[in-house]
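**Student:** Kindly generate the corresponding structure for this input.
(one chain, ligands or ions: 1)
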Amino acid sequence: MTAALRQNEQTRPTTAVPLVMEARNLVKKYGSVIAMNGADFELRPGEILAVIGDNGAGKSSLIKALSGATIPDSGEIYLDGQPVHFKSPIDARKNGIETVYQDLAVAPAMTIAENLFLGREILRPGPLGKLFRILDKKKMHDEAVRHMQGLQFAIKSMKQPVETLSGGQRQGVAVARSAAFARHVVIMDEPTAALGVREGNMVLDLIRQVRDNGLPVILISHNMPHVFEVADRIHVHRMGKRAALLNPKRISMADTVSVMTGAIKPEDLSAEMLAH
Ligand SMILES: Nc1ncnc2c1ncn2[C@@H]1O[C@H](COP(=O)(O)OP(=O)(O)OP(=O)(O)O)[C@@H](O)[C@H]1O
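**Tutor:** Residues are numbered from 1 along each chain as shown. Sure, this is the predicted structure:
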């Protein structure tokens, strides 16, 4: 263990609740722009943690560091208490962290079942799979049905091409796919942006179900009503770092926005408005 790492271990606060994911003092600079300026982050088991912040506050930079899309200049990331150094999103995926991006990566012409297993297809057992790489379509179909039922996601047939689905259902497929393969964390970047009210609510239900099935969710959103509807805690990012952790059951939406913009200082909030 290096001296710097030992130092970092010593300065980590001890929390009663074990953390699924944690980041300490992340720094990322792009030339003279400081995208992350000593950012901390904590995700607990079984929670929906909303990450909010003004444009340019550094939310994407934080999420990219947690999902392996960028490598921070300095700072530490821990998964289940162990330091991790993701070099790519594939690296993060191998560690059980799945990300649903805003720009919705589903393959429209393929069926729902095929989309769920895209890039992770199940092959037929024996030589048919090993030598001829023939897909086990029945197994993928059956697993897709079982998984969608587990999420209480109502879809008539897994054999439907995704292009026949509504925007909300497509987003639902992207969320379901991530939840199917994430062992630790699902990160959702603006999953309800561009959806109507009914469809947005459907995706919020799905996010809750993912949490209730045991996976913690990091939800990046500009949509305050949605944040307040589903978040267990709110991480407010401001000027490249975490400004506050808020308790959505005890603070108003207006005050939350004020913390985000800097109109209210976190130290001026009452203790119950803060999440612990
Ligand atoms: N690849 C990059 N090259 C240069 N500057 C960057 C890069 N990525 C982010 N930045 C800068 O870093 C700062 C933080 O950006 P970031 O995208 O992390 O913020 P954000 O909170 O996600 O913003 P938004 O809500 O607008 O997406 C901004 O000033 C941004 O211009």
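**Student:** which bits of the stretch 51-200 of the chain sit near the ligand?
**Tutor:** 53, 55-61 (C-beta under 6 Å from any ligand atom). Backbone N, C-alpha and C define where each C-beta goes, glycine included.
**Student:** and the two most separated of the residues you listed?
**Tutor:** Asn55 and Ser61 (12.5 Å; C-beta to C-beta).
**Student:** Which one of these two is surrounded by more residues?
**Tutor:** Between Asn55 and Ser61, Ser61 has the larger neighbour count (other C-beta atoms under 10 Å), namely 26 against 6.
**Student:** Check which helix or strand the more buried one maps to.
**Tutor:** helix 59-66 (DSSP states H and E).
**Student:** Please tell me how far the spatially most central residue of the chain sits from Glu76.
**Tutor:** The C-alpha lying nearest the average C-alpha coordinate of the chain belongs to Ile187 (C-alpha atoms, centre = their mean; 1.0 Å). Distance check for Ile187 against Glu76: by C-beta to C-beta, to the nearest Å, it reads 18 Å.
**Student:** what's the answer for Arg238, then?
**Tutor:** Distance from Arg238 to Glu76, by C-beta to C-beta: 21 Å.
**Student:** just to revisit the earlier point, would you write out the ChimeraX command that picks the buried residues out of the residues of the stretch 51-200 of the chain next to the ligand?
**Tutor:** Buried members of these, defined by 16 or more other C-beta atoms under 10 Å, are picked up in ChimeraX with:
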select :53,57,58,59,60,61
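**Student:** Can you name the residue of the stretch 101-250 of the chain nearest to the ligand?
**Tutor:** Closest residue of the stretch 101-250 of the chain to the ligand, C-beta to the nearest ligand atom: His237 (6.3 Å).
**Student:** Which of the three states applies to that residue?
**Tutor:** strand (DSSP: H, G, I helix; E, B strand; the rest coil).
**Student:** ok, now which ones touch it?
**Tutor:** His237 is in contact with 39, 51-53, 57-59, 62, 243, counting by C-beta atoms under 8 Å, 6 or more residues apart in numbering.
**Student:** quick one: the closest residue to it other than its chain neighbours from Ile134, how far?
**Tutor:** Of all residues not flanking His237 in the chain, Gly53 sits nearest, at 3.5 Å (C-beta to C-beta, 6 or more residues apart in numbering). The gap separating Gly53 from Ile134 is 48 Å, by C-beta to C-beta.
**Student:** so Met110 makes contact with Leu118?
**Tutor:** Yes - applying C-beta atoms under 8 Å, one finds Met110 in contact with Leu118, separated by 7.0 Å.
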